[in-house]
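Chemist: Sequence first, predicted coordinates after that:
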Amino acid sequence: MKLVPMRFKGVEWHHNPREISFECGKRVNELHAPYGRSYIQNTGRKCMLIKGEGELYGDDCAEQFAALFELFKSGGSGVLAIHKLGSLYAEFESLRIKGMPKPDVLTYSFVFREVMERSRDEKPTSYTPESGETLWDVSYRFDIVIDRLVALNPWVKRPDESLGGKEVALC
């Protein structure tokens, strides 16, 4: 079975990385209160780190690395697509050669960092519900608190009424 190559900003890796890891985390604070009590506050998800390493093979392995280095130097975020793991917006954070290059083989490592603001910017500003959909359905679909949707759409009398065909403001 031939795997789909990993790509970033349209540039494909000739050989998928040998190893790849995803580091996910949340910002969690412990708040101390009087009388020995404490509370946990989850302030949201951290940007994911995508790390990996692999080898570039062939007579042109130095040119393959040079192409990755040019991509790294170009800066800016773009779409990172990894086989069976989907796509996300990311920034190319680091690229390095590991060990001594051998003839026709170059070992490298990389780090990408997810860019969450980009995906937030891409959300639509309005939505036209289908027949039978309510403000509650829109709230669930776009992960927006119902009170916010009610405030943004004062023309809606009740959040459970059918909105079919009427445009709803999302932000």
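Modeler: Structure received.
Chemist: Name the next helix or strand downstream of the longest strand along the chain, please.
Modeler: Scanning the chain for the longest strand, with DSSP state E as the assignment, gives strand 86-97. Counting by DSSP states H and E, the next helix or strand C-terminal to strand 86-97 is strand 105-114.
Chemist: and residue 70, how many neighbours does it have?
Modeler: Neighbours of residue 70 under the rule other C-beta atoms under 10 Å: 10. In short, each C-beta sits where N, CA and C put it, glycine included.
Chemist: What's the separation between it and residue 64?
Modeler: 11 Å (C-beta to C-beta, to the nearest Å).
Chemist: Three-state assignment for residue 156, please.
Modeler: Of the three states, residue 156 takes coil under DSSP: H, G, I helix; E, B strand; the rest coil.
Chemist: That one: neighbouring residues, count only.
Modeler: Residues near residue 156, counting by other C-beta under 10 Å: 17.
Chemist: Hmm, it is touching residue 150, no?
Modeler: Yes - in terms of C-beta atoms under 8 Å, residue 156 counts as a neighbour of residue 150; the distance is 6.7 Å.
Chemist: what is in contact with those two at once?
Modeler: Common contact partners of residue 156 and residue 150 (C-beta atoms under 8 Å, 6 or more residues apart in numbering): residue 135.
Chemist: Relative to residue 61, how far out is the residue nearest to the spatial centre of the chain?
Modeler: With distances taken as C-alpha atoms, centre = their mean, the residue of the chain nearest its centroid is residue 88 (3.6 Å). Plainly put, residue 88 is 27 Å away from residue 61 if you go by C-beta to C-beta.
Chemist: In contact with the residue nearest to residue 27 when sequence neighbours are not counted, which residues?
Modeler: In space, and not counting its chain neighbours, residue 27 is closest to residue 43: 4.4 Å by C-beta to C-beta, 6 or more residues apart in numbering. Shown in contact with residue 43 (C-beta under 8 Å, 6+ apart): 26-29.
Chemist: Now stretch 102-109: buried residues?
Modeler: Residues 106-108 are the ones in stretch 102-109 that count as buried (16 or more other C-beta atoms under 10 Å).
Chemist: give me the low-pLDDT residue ranges for this protein?
Modeler: For the chain, applying pLDDT under 70 flags the ranges 1-4, 84, 86, 118-123.
Chemist: List the contacts of the residue lying farthest from the centre of the chain.
Modeler: When each C-alpha in the chain is compared with the mean C-alpha position (C-alpha atoms, centre = their mean), residue 35 comes out farthest, at 41.4 Å. Going by C-beta under 8 Å, 6+ apart, residue 35 touches no other residue.
Chemist: Could you tell me whether it really is in a strand?
Modeler: No - under the criterion used here (three-state DSSP), residue 35 is helix, not part of a strand.
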